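S.K.: fold the stuff below for me.
(one chain, ligands or ions: 1)
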Amino acid sequence: MTLVRKRKEKQALRITVPPVSSSWHGFLSPSPISSSSSNSPTITNLADFEKLAVLGHGNGGTVYKVFHKPTGAIYALKVLRFGEDIERVQQQSLNEMGILRRLDSDCVVMCHGVFENGFADIDGGGDLCFVMEYMEGGSLYDLLQRHHRLSEEAISGIARSVLEGLHYLHSMHIVHRDIKPSNLLINRKGKMKIADFGISRLVAGSDKQQCDSYMGTYAYMSPERIDPERWGGVYSDGFAGDVWSLGVVIMECFTGRFPLINPGEKPDWITLMYAICFEETWEMPETASAELQNFVRRCLVRDWRSRGTVEELLSHPFSTKFQHVAPQNLLCYSSCV
Ligand SMILES: Nc1ncnc2c1ncn2[C@@H]1O[C@H](COP(=O)(O)OP(=O)(O)OP(=O)(O)O)[C@@H](O)[C@H]1O
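M.R.: Prediction:
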């Protein structure tokens with residue numbers, strides 16, 4: 001902290017370093033729950049699944065590709081372990097089950113059920129298991145690992161998909177709070193959807209004040225979440241934070257690297273906080289089109305009150321520029337073609 005203060009001699013900064021374990025994923029069902037979707041198959045038993053492959057690892061868990069024996073369908077099964085923390089998670093999770101029940105949109109990755117106590121066939125069992133729609137094309141993170149940079153056409157499609165997803169979520173009073181490349185998944189049709197509502201919060205009435213500003217992935221976190229007191233101690237409505245994160249993702253897709261710190265700089269907490277809260281504005285490379293440059297500029301306005309809104313950005317010239325291009329465009333980058 002002293003280091004951050006030294007680096008920013010004049011501006012006051014009040015930062016609480018978040019606990020390392022703060023990437024929390026919590027929806028809980030004491031027994032299996034089904035999604036509210038009318039298209040949702042009935043999934044009642046974890047024993048009906050057969051593990052086919054590991055799709056990836058995240059904080060606290062593993063995602064498997066699984067086969068649902070009664071229907072022959074393929075799903076992604078996310079197994080999270082909370083160990084001794086499970087009681088705390090259960091308490092917090094009860095309030096959030098509503099999120100899963102209410103989501104039914106082709107802009108977000110469907111969750112077909114949540115189970116407690118794991119699945120013996122899978123790695124000795126986990127504490128919470130989420131049966132999710134399988135996204136054959138993997139994540140935007142995987143895509144960037146393979147291709148580093150994407151075309152403006154592809155980036156525009158990504159921007160539009162994420163904005164449509166955010167528009168849906170925000171209309172349901174849900175702030176995602178963890179928009180980042182590994183939470184943006186692509187299906188075999190090239191459609192990108194928003195995943196992972198583990199740290200989402202329902203934003204309603206007084207809940208606004210109770211948002212835990214320090215959850216989520218720090219690198220994509222907005223300045224007002226890191227240092228809310230700078231804006232008079234009033235935390236934003238949260239929706240603007242999702243727009244900031246989108247701006248960082250879009251810039252990363254164009255530059256091919258995490259854009260807010262210098263190449264080679266270690267992305268530790270202090271460096272990130274300094275860059276997000278105090279760095280002069282970031283400019284897109286001049287090789288980017290004027291529309292893309294302006295789009296990113298509107299997302300990365302440091303004062304959340306002046307930042308572009310989801311509605312504004314949905315009709316931004318960059319979002320609409322390649323509207324005629326089919327989403328399959330993204331598939332040329334994906335491994336599932
Ligand atoms: N529904 C899904 N379909 C296909 N692959 C998935 C699905 N969900 C996750 N994955 C893969 O598994 C990886 C790990 O996902 P997970 O949500 O556990 O962690 P993460 O988002 O990478 O990190 P964090 O735990 O910090 O959120 C993803 O990067 C993605 O490649």
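
S.K.: now the strands for the chain?
M.R.: 33-34, 49-58, 61-68, 73-80, 111-116, 128-133, 138-139, 174-175, 184-186, 192-194, 201-202 (DSSP state E).

S.K.: and those strands: which comes nearest Trp269?
M.R.: strand 49-58 (19.3 Å; C-beta to C-beta). Glycine gets a C-beta too; all of them are placed from N, C-alpha and C.

S.K.: what lines up beside that closest one in the sheet?
M.R.: strand 61-68 (antiparallel) (DSSP bridges).

S.K.: and the strand it pairs with with the ligand, contact?
M.R.: Yes - Strand 61-68 comes into contact with the ligand (C-beta under 6 Å from any ligand atom), by way of 61, 63.

S.K.: wait, what's in contact with Gly308?
M.R.: 243, 295, 298-299, 301, 316 (C-beta atoms under 8 Å, 6 or more residues apart in numbering).

S.K.: coming back round to it: tabulate the strands of the chain (JSON lines), appending mean neighbour count.
M.R.: What follows is the strands of the chain, written out as JSON lines (neighbours: other C-beta atoms under 10 Å):
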{"stretch": "strand 33-34", "mean neighbour count": "18"}
{"stretch": "strand 49-58", "mean neighbour count": "14"}
{"stretch": "strand 61-68", "mean neighbour count": "20"}
{"stretch": "strand 73-80", "mean neighbour count": "21"}
{"stretch": "strand 111-116", "mean neighbour count": "23"}
{"stretch": "strand 128-133", "mean neighbour count": "25"}
{"stretch": "strand 138-139", "mean neighbour count": "20"}
{"stretch": "strand 174-175", "mean neighbour count": "24"}
{"stretch": "strand 184-186", "mean neighbour count": "26"}
{"stretch": "strand 192-194", "mean neighbour count": "24"}
{"stretch": "strand 201-202", "mean neighbour count": "18"}
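
S.K.: could I get these as CSV with mean pLDDT?
M.R.: Formatted as CSV, these follow (pLDDT from 0 to 100):
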stretch, mean pLDDT
strand 33-34, 39
strand 49-58, 91
strand 61-68, 91
strand 73-80, 90
strand 111-116, 80
strand 128-133, 85
strand 138-139, 92
strand 174-175, 86
strand 184-186, 95
strand 192-194, 94
strand 201-202, 48
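
S.K.: let me have those in a markdown table, adding distance to Arg149 as columns.
M.R.: Converted to a markdown table, these look like this (distance: least, C-beta to C-beta, whole Å):
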| stretch | distance to Arg149 |
| --- | --- |
| strand 33-34 | 41 |
| strand 49-58 | 22 |
| strand 61-68 | 26 |
| strand 73-80 | 27 |
| strand 111-116 | 32 |
| strand 128-133 | 28 |
| strand 138-139 | 16 |
| strand 174-175 | 29 |
| strand 184-186 | 16 |
| strand 192-194 | 17 |
| strand 201-202 | 33 |
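
S.K.: buried ones in the top helix by length along the chain?
M.R.: Counting residues, the longest helix found in the chain (DSSP state H) is helix 152-171. Judged by neighbour count (16 or more other C-beta atoms under 10 Å), helix 152-171 contains these buried residues: 152, 154-170.

S.K.: ok, the closest residue to Asp227 other than its chain neighbours - how many residues close by?
M.R.: In this structure, Asp227 finds its nearest non-sequential neighbour in Cys277, 5.2 Å apart by C-beta to C-beta, 6 or more residues apart in numbering. By other C-beta atoms under 10 Å, 20 other residues sit near Cys277.

S.K.: do Asn45 as well
M.R.: Asn45 has 14 nearby residues by other C-beta under 10 Å.

S.K.: mind listing what the residue in the stretch 151-300 of the chain that the ligand sits nearest to touches?
M.R.: Taking C-beta to the nearest ligand atom, the ligand has its nearest neighbour within the stretch 151-300 of the chain at Ser182, 3.4 Å off. Ser182 sits next to 56, 58, 139-141 when contact means C-beta under 8 Å, 6+ apart.

S.K.: which one in the contacts of Gly308 is the model shakiest on?
M.R.: Within the contacts of Gly308, Val301 has the lowest pLDDT, namely 93.

S.K.: shouldn't that one be in contact with Thr309?
M.R.: No - Val301 is beyond contact range of Thr309, at 10.8 Å (criterion: C-beta atoms under 8 Å).

S.K.: for the residue nearest to Leu52 when sequence neighbours are not counted, give me its contacts.
M.R.: In this structure, Leu52 finds its nearest non-sequential neighbour in Lys65, 4.5 Å apart by C-beta to C-beta, 6+ apart. Counting by C-beta under 8 Å, 6+ apart, Lys65 touches 51-55, 74-77, 134.
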